[in-house]
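Novice: fold the following.
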Amino acid sequence: MLREAVWWIRDYAYAAHWQLRAIVSHNDPAVFRSGDRTPIVVIPGVFETWRFLQPLIGELHDRGHPVHVVDALAWNRRPVAEAAGHVGRYLEQHDLRGVVLVSHSKGGLVGKYAMTLGANAGRIDAMLAVAAPFGGSSYARFLVLPSLRMFRPRDATILALAREAAVNARIVSVFGRFDPHIPGGSRLDGATNVELDTGGHFRVLAHPRVIAEAEVLAR
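Specialist: Residues are numbered from 1 along each chain as shown. Presented below is the predicted three-dimensional model:
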């Protein structure tokens, strides 16, 4: 219990730090689109903009990947299907193919929807999902906001995505031993599941294994 409490405190300290950095950052996302390696499209979690993932974006770009963000997602509060539609249209507008998605939390649901039920699913090769609530979260039923209640395990979108199991083999799910937001964890049947020897929902984004797994997918 003490270890989980420490993980929880560190997790929210990390989230607060990078949310503040995201608010004050004015970087133009176009600077990350250069590179001759596999294109990567980043999908943030709910109440996150792409800037929250900027440390990860910068690292991937430094390794030669053109990294794209979908500005239309904004704070990613829209329903999963609508958000996935924005991702698909971005892929089409920029004629991106052979794409690897790198997602956090709700972004994993958006990414899987884009890979399976989206109009431009064929443009996506694989996805790295970090701390994704593939089975929903039992806490969601206690929440009022529709943007959070959508994570209920019996939500129609959660159940529809669970039925789309064929694509799971092209997903790498990375998650901590303890996640304060997803008590059921992020293990996905048929996917490559990577459990980190740490805890958290946000701080796991900074774990070096995340970059390592992204590099394997985008080689």
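Novice: starting from the helix or strand where V42 lies, tell me which strands it pairs with and how they run.
Specialist: Secondary structure from DSSP states H and E places V42 in strand 40-43. Applying DSSP bridges to the sheet, strand 40-43 is found paired with strand 67-69 (parallel), strand 99-104 (parallel).
Novice: just checking the distance from the longest one to the centre of its chain.
Specialist: Going by Cα atoms, centre = their mean, to the nearest Å, the spacing between the C-alpha centre of strand 99-104 and its chain's C-alpha centre is 7 Å.
Novice: tell me which helix or strand comes right after that strand.
Specialist: Per DSSP H and E, strand 99-104 leads on to helix 106-116 as the next helix or strand towards the C-terminus.
Novice: ditto for the first one
Specialist: Stepping forward along the backbone from strand 67-69, the first helix or strand reached (DSSP H and E) is helix 80-93.
Novice: now the angle from that following helix to strand 99-104?
Specialist: Angle, helix 80-93 to strand 99-104, by axes from the mean of the first three to the mean of the last three Cα atoms, to 10 degrees: 140 degrees.
Novice: mind listing what's buried along helix 80-93?
Specialist: Residues 80-81, 83-88, 90-91 are the ones in helix 80-93 that count as buried (16 or more other Cβ atoms under 10 Å). (C-beta placed from N, C-alpha, C; glycine too.)
Novice: which helices and strands sit right next to that helix?
Specialist: Contact here means 3 or more Cβ pairs under 8 Å, 6 or more residues apart in numbering; DSSP states H and E; on that basis helix 80-93 packs against strand 40-43, helix 106-116, helix 156-163.
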